[in-house]
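K.L.:
My questions concern the predicted model and sequence given below.
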Amino acid sequence: MSIRQHPDHDHQADAVEPAAPTRPGRTAYRRGAANPNGSTTALRADVLGALGVLKVATADQLQRLLRPKAASNTVIRQALRDLALHGLVASDGNTRNRHKTWRLEGAAGLDAAAAVLGMVRSEMGGTARGAGRSGAQHAMAVNETIAAFVLGGSAPGAAGGVGTVRSWSTETEFLLPGGKRKVRPDGVWQAPEIGVPVLMVEVDRSTMAPADAAAKFPRYRELFRTKVRDNDPARSDHEPADHTVHWWRRTWPGHTRAGYPPVALVVTDAGPLALANRQQAVADLSADCWRGRWCREVRDYNDDGWREYDDAVPIIATTLDLLAKHGPLGPVWWRFGRSGRHSLIEALENPNNRTAYDLRQAAREDEQQRVHQELMDSLVCIDCGDVPEEESTWVYGSRQWTRHPGGRCWPCHQDREERLEREAEEQLEAARTANAALRPCWSCRGSIGGKEGSKLELREKARPDRLECPQCEQDRAVKDLGPLVLPVPTKRELVTALVSAPDDPWWEDRVLHAKFYPARGRRV
């Protein structure tokens, strides 16, 4: 009895033989006639589901996505061969690295994958027939991008992956308004468990001009702008104009950030510098889609403001090498409009939004308050210790009072002025009393302190050598009469002074003047 061999399986004759006894403690699986390569039902279902998502893939890619801990892709190849025997998958080419590519075969393959994924046939797309003949280079780059998301980074200590291959869909088409144009992202990723209801992914192999790559993003914005009728019964009492919502909010609920669903650009197949320049060029050419609308407060006296992202598409970019090395949660994403690279969740946060502006404004107000408080603290009253709260200048009646560092508050200033005025009056009265008790002015015979209330009146006690009041002293200077020299005592006055003190308040000064000013040639 001969056994017919399948062209894709050179050892099928050996595969149908009963399994040899195994060592104790190990389980042997008997290969049945329906699946002679010994694959399990669960593995075949996983392979069908993965091909339903990826459309075309190698056994190595399927092994890393479905059985990452397996030592080789042998079990995946066994499942592919069994599925090929049933006409559900097929291989029609190889990659540049000589890896065989596999795809779903015909309607039977699409139906089987749809049943595994819980989808309807119309949502499955095509079978990628013939893609492997040219190496399926773009599909391989998309698969590697998905693998990096699912498996996480390969570098030591890198972040792990998120979700499974079933978190993705590829070649999903979205009709633009009018129904004639379409948007077809390379991948659609759903990860609501980490706060990303949906992420559109574009894989760019650097084969097109940056302008052509940037031209995709306006179409995304046009797609996301589309609204549909809202059939929520809770909104039945609203106006008809309020009965429309963005379709993507109903398709992928849970969005909390302003703006449309994000789009990720993954670039590859070029050197690091070329890829960096390409990302920058695409960002510059698509700025109108992601930049947002600039807003300012009228009260602001600076150029600061914020951006509103209600009509903007958040775009993040990275290279496939960085993504594979650090994973989607690593610091690999450059958000268009921000500097540096961030983790996925950080990159999706809108830069320079109203929240960021409010924080900057609060910091400015705190700084202004600090500077103002420092000024107010410097104006503490040196008498009572009072610190002003709001301002340094006040108007009291018809007078304006400004406090200065090391100065006084208005009440203390008033108290001091009144006290100094009282002290000055008391000093003047004391001076008047003391001067009235001294000898009178030689010239006018009035008080030596001067006329009361005059501008020249002495406000302190006259010195012992003063001979004239301030007015007479000023008149002498105006008339250029020279210094006052008292008359020389006569001999009779001198003899009398030996017996008794002369009744002359100027006696001692006359005697002193006689010694210092000879009688000859002096003016009196």
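P.N.:
Received, thanks. Numbers count the residues shown, from 1 in each chain.

K.L.:
hey, where'd the strands end up in the stretch 1-150 of the chain?
P.N.:
In the stretch 1-150 of the chain, strands defined by DSSP state E, counting those that start in this stretch lie at 56-58, 89-90, 101-104, listed in chain order.

K.L.:
Please disregard the earlier target; I meant the stretch 351-500 of the chain.
P.N.:
393-396, 399-402.

K.L.:
List every C-alpha atom in the first one, with coordinates, as PDB.
P.N.:
Okay, so that is strand 393-396. Extracted C-alpha coordinates of strand 393-396, given in PDB (Å, rounded to 0.1, in the frame of the first residue of the first chain):
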ATOM      1  CA  THR A 393       1.400 103.700  48.200                       C
ATOM      2  CA  TRP A 394      -1.700 105.000  49.800                       C
ATOM      3  CA  VAL A 395      -3.700 108.300  49.600                       C
ATOM      4  CA  TYR A 396      -4.700 109.800  52.800                       C
END
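
K.L.:
That one packs against which elements?
P.N.:
strand 399-402 (3 or more CB pairs under 8 Å, 6 or more residues apart in numbering; DSSP states H and E). All C-beta atoms are positioned from the backbone trio N, CA, C, and that covers glycine.

K.L.:
Provide the strand pairings for the strand it packs on, with the direction of each partner.
P.N.:
strand 393-396 (antiparallel) (DSSP bridges).

K.L.:
Without its sequence neighbours, what residue ends up closest to residue 199?
P.N.:
Using CB to CB, 6 or more residues apart in numbering and skipping residues adjacent in sequence, the residue nearest residue 199 is residue 189, 4.5 Å away.

K.L.:
Surely residue 258 touches residue 350?
P.N.:
Yes: under the criterion of CB atoms under 8 Å, residue 258 makes contact with residue 350 at 5.9 Å.

K.L.:
intersection of neighbour lists for those two?
P.N.:
Shared contacts of residue 258 and residue 350, defined by CB atoms under 8 Å, 6 or more residues apart in numbering, comprise residue 309.

K.L.:
of these two, who's got more company?
P.N.:
residue 350 (22 against 17; other CB atoms under 10 Å).

K.L.:
so the more buried one touches residue 259, yeah?
P.N.:
Yes: contact criterion CB under 8 Å: residue 350 and residue 259 qualify, at 6.4 Å.

K.L.:
Quick check: neighbours shared by those two?
P.N.:
292, 309, 312, 314.

K.L.:
ok, now which ones touch the second one?
P.N.:
For residue 309, the set of contacting residues under the criterion of CB under 8 Å, 6+ apart consists of 257, 258, 259, 292, 293, 350, 353.

K.L.:
hmm, try it at 10 Å
P.N.:
257-260, 290-293, 337, 350-354 (CB atoms under 10 Å, 6 or more residues apart in numbering).

K.L.:
Now a ChimeraX select for only the buried ones of the residues you listed.
P.N.:
Burial among the contacts of residue 309 is assessed by 16 or more other CB atoms under 10 Å; the matching ChimeraX selection reads:
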select :258,259,260,290,292,337,350,351,352,353,354
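
K.L.:
C-terminal to the host helix or strand of the residue nearest to residue 199, what's the next element?
P.N.:
Using DSSP states H and E, residue 189 falls within strand 187-191. Per DSSP H and E, the first helix or strand lying C-terminal to strand 187-191 is strand 196-204.

K.L.:
Kindly provide the whole-number mean pLDDT of that next one.
P.N.:
Mean pLDDT, strand 196-204: 97.

K.L.:
The closest residue to residue 489 other than its chain neighbours: neighbour count?
P.N.:
If the residues on either side of it in the chain are set aside, residue 489 comes closest to residue 510, at 5.4 Å by CB to CB, 6+ apart. Residues lying near residue 510 (other CB under 10 Å) number 16.
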